[in-house]
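Participant: fold the following and give me the result.
(one chain, ligands or ions: 1)
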Amino acid sequence: MQSIVAPFPAGRLRRNRSSGLIRDLVRENYLAAGDLIWPVFVRDGEGVEEPVASMPGVVRRSVDKIVEAAKEAADLGIPAICLFPYTDHVLKTEDCAEAWNPNNLSNRATRAIKEAVPNIAVMTDVALDPYNVNGHDGFVENGEIVNDRTVEALVKQALSQADAGADIIGPSDMMDGRIGALRSALEAQGHTNVALLSYAAKYASAFYGPFRDAVGASGALKGDKSTYQMDPANSDEALRLVARDLEEGADMVMVKPGMPYLDVCRRVKDGFGVPTFAYQVSGEYAMIAGAAQNGWIDGDKAMIESLMCFKRAGCDGILTYFAPQVARLLADK
Ligand code: PBG
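Facilitator: So this is what the prediction gives:
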């Protein structure tokens, strides 16, 4: 795009910023409740809302409370809620069988939401880490995270989620070949309308720290995830991963984390023109919410600004723990 600017003083670029009305007219991007996916943490019990220490304002909810939250989100115009289970230590095993238990926490929450709240889409997470004694997203054999056997398990996990009523399946595991395997299994089982939102460009990031607390995986994780998650130094590789996942049948793609990777979001959107999402992850949330709690920044303004930046970078939507708070703020305007 060629930008033409008249020489000063004919060209005074401040004219378009001179009042709120003019700024409204020339604004290039908008943020709406319809852009948001709300990640929530599910735990056992009834009537429970338990704060997550490293994420001020975020709680783990029992299934009944998740249903209430889903209703509230739907009323605010948030189109999707994304479930992450906090799994009891006794259910974490080496074979991760709880991952495809039709009655596991995630599947129970999905069924309860689909029954009670028809106007919100349920997204689920495909990866073995909540169920793995090792805390890894895949099976560990002799210290190695093995790919192909993991993909077989991910297929079982995803089918149990689709059977429970999930609308969007989000594979966050970064194994090779999983999108193709998931897509053909879903087709074979008649789940033709279940969408795959691939965590295509997921980086090995320190910003996931608070999340691992929230799902009770921090203690379990041995080593790091850099043999499957991406090196933060790379972005050409992100484009290869996105291309590969689209060819295998992904409907939408994601870049994760969000704000430190906006350049990747832009490259993906420009390069492929597909529905592109970013995940404003737990560490990004904690930085904003923690600083706001201390009075160091204006929390509402920082929240809105951070989310607007995703739109400017080309994202169609954002997964954010701020979702209900933002939607409420946008509705008050
Ligand atoms: C694991 C998973 C992670 C997140 C979503 N799914 C953590 C990880 O890869 O270790 C992170 C989300 C966040 O930090 O908010 N499959």
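
Participant: and the strands in the protein?
Facilitator: Secondary structure of the chain by DSSP state E: the strands cover 36-43, 49-51, 59-62, 80-85, 121-126, 140-141, 144-145, 168-171, 195-202, 252-256, 276-280, 317-320.

Participant: mean pLDDT and mean neighbour count added to the ones you listed, as JSON lines?
Facilitator: C-beta coordinates here come from the backbone N, C-alpha and C atoms, glycine included. Formatted as JSON lines, those follow (pLDDT from 0 to 100; neighbours: other CB atoms under 10 Å):
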{"stretch": "strand 36-43", "mean pLDDT": "98", "mean neighbour count": "24"}
{"stretch": "strand 49-51", "mean pLDDT": "97", "mean neighbour count": "13"}
{"stretch": "strand 59-62", "mean pLDDT": "98", "mean neighbour count": "20"}
{"stretch": "strand 80-85", "mean pLDDT": "98", "mean neighbour count": "24"}
{"stretch": "strand 121-126", "mean pLDDT": "98", "mean neighbour count": "23"}
{"stretch": "strand 140-141", "mean pLDDT": "96", "mean neighbour count": "14"}
{"stretch": "strand 144-145", "mean pLDDT": "96", "mean neighbour count": "16"}
{"stretch": "strand 168-171", "mean pLDDT": "98", "mean neighbour count": "26"}
{"stretch": "strand 195-202", "mean pLDDT": "98", "mean neighbour count": "25"}
{"stretch": "strand 252-256", "mean pLDDT": "98", "mean neighbour count": "26"}
{"stretch": "strand 276-280", "mean pLDDT": "98", "mean neighbour count": "27"}
{"stretch": "strand 317-320", "mean pLDDT": "98", "mean neighbour count": "24"}
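
Participant: pipe the ones you listed into JSON lines and attach distance to I179 per row.
Facilitator: Formatted as JSON lines, those follow (distance: least, CB to CB, whole Å):
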{"stretch": "strand 36-43", "distance to I179": "19"}
{"stretch": "strand 49-51", "distance to I179": "34"}
{"stretch": "strand 59-62", "distance to I179": "29"}
{"stretch": "strand 80-85", "distance to I179": "18"}
{"stretch": "strand 121-126", "distance to I179": "10"}
{"stretch": "strand 140-141", "distance to I179": "22"}
{"stretch": "strand 144-145", "distance to I179": "18"}
{"stretch": "strand 168-171", "distance to I179": "7"}
{"stretch": "strand 195-202", "distance to I179": "6"}
{"stretch": "strand 252-256", "distance to I179": "10"}
{"stretch": "strand 276-280", "distance to I179": "15"}
{"stretch": "strand 317-320", "distance to I179": "18"}
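
Participant: contact partners for M252?
Facilitator: Contacts for M252 (CB atoms under 8 Å, 6 or more residues apart in numbering) come out as I168, A195, L196, L197, S198, V274, P275, T276, F277, D316.
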